[in-house]
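# Model the following, please.
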Amino acid sequence: GKKSLRQVVVDELRHYCHGFHLLWIDTKVAARMVWRLLHGQVLTRRERRRLLRTCADLFRLLPFLVFVIVPFMEFLLPVFLKLFPEMLPSTFETESKKEEKQRKKLNAKLELAKFLRETIVEMAKRNKADTG
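Sure thing, here's the model as predicted:
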């Protein structure tokens, strides 16, 4: 069914609270990784990717905070998200957005695989014609 306005507002507030909490946890973990880096330890590829993602999220947080701090500017957030889809930190993405991103990536990979398969078939036909 349809949610009431109050329920929608509560859900959005809960979503942003969870996002800030996850960003705080990621920031603490990233700070520990930086501390390890400064003391000469080497990070694994997974840790390096997480550190880069967290740093990018912190840089994305600055323009996002303008929308949170300035009164009534949050009403413009959907417009800016439409114009700049990667503006929100990764901890603020909804499941539907994550699924949509995965679907787009999968479709792109399928198109690439289809193109490569067709290219190989064409090359095989040419080689067969040349040798035949």
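
# what pLDDT, on average, does the helix or strand where residue 97 lies get?
Element membership of residue 97, judged by DSSP states H and E, is helix 95-131. Across helix 95-131, pLDDT averages out at 90.

# distance of the spatially most central residue of the chain from residue 19?
Among the residues of the chain, residue 90 comes closest to the average C-alpha position under Cα atoms, centre = their mean, at 4.9 Å. Using Cβ to Cβ, to the nearest Å, we find residue 90 at a distance of 9 Å from residue 19. C-betas here are computed from N, CA, C, even on glycine.

# just residue 111 next, same as before
32 Å.

# Give me the more crowded residue out of the two.
Comparing residue 111 with residue 19 by neighbour count (other Cβ atoms under 10 Å), the higher total belongs to residue 19, at 20 against 10.

# Now that one. Nearest residue, chain neighbours left out?
Of all residues not flanking residue 19 in the chain, residue 92 sits nearest, at 3.9 Å (Cβ to Cβ, 6 or more residues apart in numbering).

# Test my guess that that neighbour contacts residue 15.
Yes. If you go by Cβ atoms under 8 Å, residue 92 and residue 15 touch, sitting 7.4 Å apart.

# which of the two has more neighbours?
Counted by other Cβ under 10 Å, residue 92 and residue 15 do not tie: residue 92 has more neighbours, with 19 against 13.

# mind listing what that one touches?
15-16, 19, 23, 64 (Cβ atoms under 8 Å, 6 or more residues apart in numbering).
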